[in-house]
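*Asks:* My questions concern the predicted model and sequence given below.
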There are 2 protein chains.
Amino acid sequence: MDATSVPAAGSTALLTDRYELTMLQAALRSGAAHRRSVFEVFTRRLPAGRRYGVLAGTGRVLDAVENFRFTSAQLDWLAAGQVVDEETLRFLADYRFTGDIHGYPEGEVYFPGSPLLTVEGSFAEAVILETVILSILNYDSAIAAAASRMTAAAGDRPVIEMGARRAHERAAVAAARAAYVAGFAATSDLEAGFTYGIPTTGTAAHAFTLVHDSERDAFRAQIDSMGRGTTLLVDTFDLREAVRTAVEVAGAELGAVRIDSGDLTLLAHRVRRQLDELGATDTRIIVTSDLDEYAIAALAAAPVDGYGVGTSLVTGSGQPTCAMVYKLVARAAGPDGPLVPVAKRAAGGKTSIGGRKWAARRPDADGVADAEVVGTGQVPADLAPHLVQVPLVKAGEVVGREPLETARERHARARAALPLSATQLSKGDPVLATELQV
Amino acid sequence: MDATSVPAAGSTALLTDRYELTMLQAALRSGAAHRRSVFEVFTRRLPAGRRYGVLAGTGRVLDAVENFRFTSAQLDWLAAGQVVDEETLRFLADYRFTGDIHGYPEGEVYFPGSPLLTVEGSFAEAVILETVILSILNYDSAIAAAASRMTAAAGDRPVIEMGARRAHERAAVAAARAAYVAGFAATSDLEAGFTYGIPTTGTAAHAFTLVHDSERDAFRAQIDSMGRGTTLLVDTFDLREAVRTAVEVAGAELGAVRIDSGDLTLLAHRVRRQLDELGATDTRIIVTSDLDEYAIAALAAAPVDGYGVGTSLVTGSGQPTCAMVYKLVARAAGPDGPLVPVAKRAAGGKTSIGGRKWAARRPDADGVADAEVVGTGQVPADLAPHLVQVPLVKAGEVVGREPLETARERHARARAALPLSATQLSKGDPVLATELQV
């Protein structure tokens, strides 16, 4: 592996907390670096009141692990800053992950204690992946969990992701991806379309109306350019007048109107009535403006054809991250040999359970999920068909890559297999209890 | 400008909502694309209870505007997906921003209505920068606002940023940068050190203790590698025993111990007493574990020497984004000519004030800031020395680039010039009223 062959922008190697490299250095010196180790990603709790978690970002983790290579520029910087010593720099220059990763497949639901990702390799090669793995899974899963509540609330109506302006510009792309996994129909973010093939969509902003001499001129310009199927933004000046102008200019073939302010339930009813009176019975109504899952649910009885969601999606609807941790749960005395369970056990919380875990989602007689069973040791025969983890990386080679559509379909299936109360928006306990068999 | 000369990873051109490009297409056809236009970034309100905002991200905005160039691959993708027509693709292939940008300098405080960024150019060249500018400023400023409250609460004690694992992996780098502007001493994020020169720091994780056969072995390994000045993590098993072992292994020269769980006030007192009894009177105590500005303030009387902050920093301590918008406030009838103020004026909120704004921070007789005065038209002579905006881009050339240290020093000065109640953590109104002179 020639370090210089990695493009700096693509390298994920410095998306890493400094202590991982200094631990690596100390472990190389003590010899512990070569001990076979098992790290596990899990969360001790769901955000307060949430009934299920949604795992997203797995595909991005696989890319990040593949691209975890140090460039010459990065190594030079580490050397110049005396972050680590010569021996450690040599290790990093040759670094590639050669171990195994198993995990919940992307789009799966999860519960407290679910072993979401199990990373097995030498201590050295596994410990330095902590930060980038957690960054990706914690953010993407926070977005997916919020998105799943929104698509559940929206039922058959499409939900469009349009939150890029309220998130870090690259986080926004990941948010669009996670939202798509959780059932969003499309995104406004072009980079998410370019990078992940997610459908993109868009209407127009108030600025477009304001730069023209009149609303009529703006509507005509948009229809001349985009056709009558476009979506006209009708709340720049007077809503009623705008809807009338829109149908005058576009005719009854007008695709949709967008309302971006005011009492959306009231306005949707008014606009629907007006559109129908004008003969534009097929013109759809899209609403946007600080929607979240509760606002979407409240609009269920309103004549709305689609929702655009921004801020609350990209900020996880009040829960902008997850509490996933990356913990050493077992290690051997050397590169091989039997694994010994290990765990923090200080008083004051943050304790965990040692040992490599398996997880099974046990169904009841009707096929509805009944419990999340998490155990160590031998898997009971009756649970073997219901194991949740799948292989993702084998001996350093990614084996778990899949199309985003697959994760999206998996999420829809996994959510549908939960007890009905899973998609209640009111606060409650996790809809499945985690049973420990350790 | 040859589109193919832009590296894809560096291009910010697709960090853009689709509607910006379709508005561009329609405006190119209607002719409005060439109208001289002024867009303004501002926020209608601060997050509930917050007393001041902190602008961060300006330096990243300047990079993003410079790198807003479309690559061949991006243009091909736009063409294949029929996002825009041929004429628009030609415009995008040649695109570079040629207008002017003024704005609040990075690190400045702000208030509702402050004109944070003023972008002036043709409608076409300015409208398509909306999303990437807002993404950067909304995220970075949310982090800086939280960070500023934390550093104010910490007083002279250093605060370390260590939230990378709780944020999108690239957002984490921006968060470290914004926190540094707002007075954080260092970050754990190596990429933030590599990219922005921010000091990096780190200790060790519980995994490092657990991979060794005993805590003593782990401490010895760390000290052998990092020296006696290192920070030992002492809460893996029994805190009291760990502190004793730490001083036995390192001697009284031990740099610091880190406590990452439990009742930190109580434990800090106990550990301080124990360290002093062991003669390690200069060994510092670093605390981490879900700290926010309130927890930091509550530890003011505890014998703590430094704070590590993660989750609450990178999620804006409950306010993970800002409500900044990018609005057309004035435009001419053509490429030149007098600017006409424009504004949305529908009922139901989200209205704004037309016209290009200036802003001045008027001091009282003692030099303490007294009001944020925002106006249109002529600047009153007595306010001219107190204007806040500075030139950032002139005729497409960046003129406002500065070292990050400059922004950091500016923030400290700007915060110190606010009324004393600015740094109260309790909820309250903005500490300066915005006076409109329009």
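*Replies:* Right, received. Where do you want to start?
*Asks:* so how far is chain B from the residue nearest the centre of chain A?
*Replies:* The centroid of chain A falls nearest to A:Asp140 when counting by CA atoms, centre = their mean (2.6 Å). With the distance defined as CB to the nearest CB, to the nearest Å, A:Asp140 ends up 8 Å from chain B. No exception for glycine: its C-beta is placed from N, CA and C like everyone else's.
*Asks:* SS state for that residue?
*Replies:* The three-state label given to A:Asp140 by DSSP: H, G, I helix; E, B strand; the rest coil is helix.
*Asks:* which residues does it contact?
*Replies:* Residues in contact with A:Asp140 (CB atoms under 8 Å, 6 or more residues apart in numbering or on different chains) are A:Ala56, A:Gly57, A:Arg60, A:Ala174, A:Ala175, A:Arg177, A:Ala178, B:His168.
*Asks:* which residues of the stretch 1-150 of chain A fall in strands?
*Replies:* With DSSP state E, counting those that start in this stretch as the criterion, the stretch 1-150 of chain A has strands at A:36-42, A:53-54, A:100-103, A:109-110, A:117-122.
*Asks:* Among the ones you listed, which comes closest to chain B?
*Replies:* With respect to chain B, and counting by CB to the nearest CB, the nearest of the strands of the stretch 1-150 of chain A is strand A:36-42 at 6.2 Å.
*Asks:* which other residues reach the closest one?
*Replies:* Around strand A:36-42, the neighbours that count as contacts under CB under 8 Å, 6+ apart are A:103, A:112-123, A:126-127, A:129-130, A:133-134, A:137, A:324-332, A:334-337, A:339, A:352, A:356-357, B:207, B:211.
*Asks:* follow-up on the earlier one: CSV please, covering the contacts of A:Asp140 and showing neighbour count and pLDDT.
*Replies:* Rendered in CSV, the data for the contacts of A:Asp140 read as follows (neighbours: other CB atoms under 10 Å in any protein chain shown; pLDDT from 0 to 100):
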residue, neighbour count, pLDDT
A:Ala56, 31, 98
A:Gly57, 30, 98
A:Arg60, 25, 98
A:Ala174, 28, 98
A:Ala175, 33, 98
A:Arg177, 28, 98
A:Ala178, 32, 98
B:His168, 33, 98
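*Asks:* Which of those sits closest to A:Thr22?
*Replies:* Ranked by distance to A:Thr22 (CB to CB), the contacts of A:Asp140 are led by B:His168 at 24.3 Å.
*Asks:* Find the nearest non-adjacent residue to that closest one, please.
*Replies:* A:Ala171 (3.6 Å; CB to CB, 6 or more residues apart in numbering or on different chains).
*Asks:* Then A:Gly183?
*Replies:* That would be A:Thr151: by CB to CB, 6+ apart, it lies 3.4 Å from A:Gly183.
*Asks:* Same question for A:Pro199.
*Replies:* Nearest residue to A:Pro199, sequence neighbours excluded (CB to CB, 6+ apart): A:Ala186, at 4.1 Å.
*Asks:* hang on, the earlier thing: narrow the contacts of strand A:36-42 to just the buried residues.
*Replies:* Buried by 16 or more other CB atoms under 10 Å in any protein chain shown: A:103, A:112-123, A:126-127, A:129-130, A:133-134, A:137, A:324-332, A:339, A:352, A:356-357, B:207, B:211, out of these.
*Asks:* Inside helices: which ones of these?
*Replies:* Among these, the members found in helices (DSSP state H) are A:Phe123, A:Ala126, A:Val127, A:Glu130, A:Ile133, A:Leu134, A:Leu137, B:Ala207, B:Val211.
*Asks:* and the last one, what pLDDT?
*Replies:* The model reports B:Val211 with a pLDDT of 97.
*Asks:* what does the domain assignment say about chain A?
*Replies:* With domains defined by automatic domain parsing, chain A comprises A:3-128+A:324-437, A:143-318.
*Asks:* Deepest-packed of the ones you listed, please.
*Replies:* Among the domains of chain A, domain A:143-318 has the highest mean neighbour count (mean count of other CB atoms under 10 Å in any protein chain shown), at a mean of 22.
*Asks:* Distance check, the nearest residue to A:Pro430 once chain neighbours are set aside against chain B.
*Replies:* Closest residue to A:Pro430 apart from its sequence neighbours, by CB to CB, 6+ apart: A:Phe111 at 5.0 Å. Counting by CB to the nearest CB, the gap from A:Phe111 to chain B is 20 Å.
*Asks:* With A:Arg258 instead?
*Replies:* 10 Å.
*Asks:* can you pull the contacts of that residue?
*Replies:* A:Arg258 sits next to A:Thr203, A:Thr231, A:Leu232, A:Leu233, A:Val234, A:Asp235, A:Ile286, A:Val287, A:Thr288, A:Gly308 when contact means CB under 8 Å, 6+ apart.
*Asks:* switch to 7 Å and redo it
*Replies:* A:Arg258 is in contact with A:Thr203, A:Thr231, A:Leu233, A:Val234, A:Ile286, A:Thr288, counting by CB atoms under 7 Å, 6 or more residues apart in numbering or on different chains.
*Asks:* any idea which element the first one lies in?
*Replies:* Put plainly, it is A:Thr203. Secondary structure from DSSP states H and E places A:Thr203 outside every helix and strand.
*Asks:* Now for it: which residues touch it?
*Replies:* A:Thr231, A:Leu233, A:Arg258, B:Tyr19.
*Asks:* Leaving out chain neighbours, which residue sits closest to it?
*Replies:* Among residues not flanking A:Thr203 along the chain, A:Thr231 sits closest, at 4.0 Å (CB to CB, 6+ apart).
*Asks:* got it, and the fourth one?
*Replies:* If the residues on either side of it in the chain are set aside, A:Val234 comes closest to A:Ala242, at 3.9 Å by CB to CB, 6+ apart.
*Asks:* Before we move on, what's the pLDDT of that neighbour?
*Replies:* For A:Ala242, the predicted pLDDT is 98.
*Asks:* ok, it to A:Thr209 distance?
*Replies:* Per CB to CB, to the nearest Å, A:Ala242 is found 9 Å from A:Thr209.
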